[in-house]
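J.: next come a sequence and a model predicted from it.
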Amino acid sequence: MAQYLCPQILIMDTNFQPVISKNARGHYRQHPLEFKRALVALSLEPGASVARIAREHGVNANQVFSWRRLYQQGRLGVPALMRADGLLPVVLAPSAPAPNNTDADGDAGGTIVLELGEVRVRIEGQPNAATLAQVLDRVLR
């Protein structure tokens with residue numbers, strides 16, 4: 001019985017599949033901070049659908065939820081608190097009844113609490129308008 005050997009020099013690889021590096025996971029998009037803030041602001045509007053907002057802007061809904069967590073932790077920056085119309089969201093919370101303290105003008109004192117991420121500013125009584133303007137100016141920078 002005769003054996004025929006095929007020379008290895010003439011063997012041809014017929015694999016036409018492109019060679020893809022195993023460590024190439026694709027291009028990660030780096031979204032600007034303003035884009036993240038805008039999507040978070042849209043998602044926090046009453047009745048907003050995170051899935052719809054994400055789909056309209058070409059991102060995954062899980063990514064928007066992740067940005068919302070960062071926002072709640074104060075890691076997306078203070079300007080994220082402002083809405084598109086330039087107003088800050090206000091939440092009214094019930095508080096314990098205040099004693100009937102009145103100042104010389106007869107006006108009752110009050111309390112203003114500003115919460116921005118992990119920062120809390122509490123102003124009791126009736127603050128001077130100039131002082132309050134300075135506090136708001138510093139907080140909103």
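T.: Right, received. Where do you want to start?
J.: which parts of this structure are helices?
T.: Taking DSSP state H, the helices of the chain run over residues 33-43, 50-56, 61-72, 129-139.
J.: from the contact counts, what lies against the last one?
T.: Using 3 or more CB pairs under 8 Å, 6 or more residues apart in numbering; DSSP states H and E as the contact criterion, the neighbours of helix 129-139 among helices and strands are strand 111-116, strand 119-124. Glycine gets a C-beta too; all of them are placed from N, C-alpha and C.
J.: deepest-packed of those strands, please.
T.: Among those, ranked by average contacts under mean count of other CB atoms under 10 Å, first place goes to strand 111-116 (a mean of 13).
J.: partners of that strand in the sheet?
T.: When pairing is defined by DSSP bridges, strand 111-116 lines up against strand 119-124 (antiparallel).
J.: just the angle for the partner strand relative to helix 129-139, thanks.
T.: In this structure, strand 119-124 runs at an angle of 170 degrees to helix 129-139, with axes from the mean of the first three to the mean of the last three CA atoms, to 10 degrees as the basis.
J.: what's the model's confidence in strand 119-124, averaged?
T.: If you average the pLDDT over strand 119-124, you get 78.
J.: so which residues make contact with it?
T.: Outside strand 119-124, the residues within contact range by CB atoms under 8 Å, 6 or more residues apart in numbering are 74, 109, 110, 111, 112, 113, 114, 115, 132, 135, 139.
J.: re the thing from before, how about the helices of the chain in a markdown table, adding mean pLDDT and mean neighbour count?
T.: Formatted as a markdown table, the entries for the helices of the chain read as follows, by pLDDT from 0 to 100; neighbours: other CB atoms under 10 Å:
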| stretch | mean pLDDT | mean neighbour count |
| --- | --- | --- |
| helix 33-43 | 91 | 18 |
| helix 50-56 | 95 | 15 |
| helix 61-72 | 93 | 16 |
| helix 129-139 | 78 | 11 |
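J.: turn those helices into TSV, columns for distance to residue 120.
T.: Formatted as TSV, the entries for the helices of the chain read as follows, by distance: least, CB to CB, whole Å:
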stretch	distance to residue 120
helix 33-43	21
helix 50-56	27
helix 61-72	14
helix 129-139	11
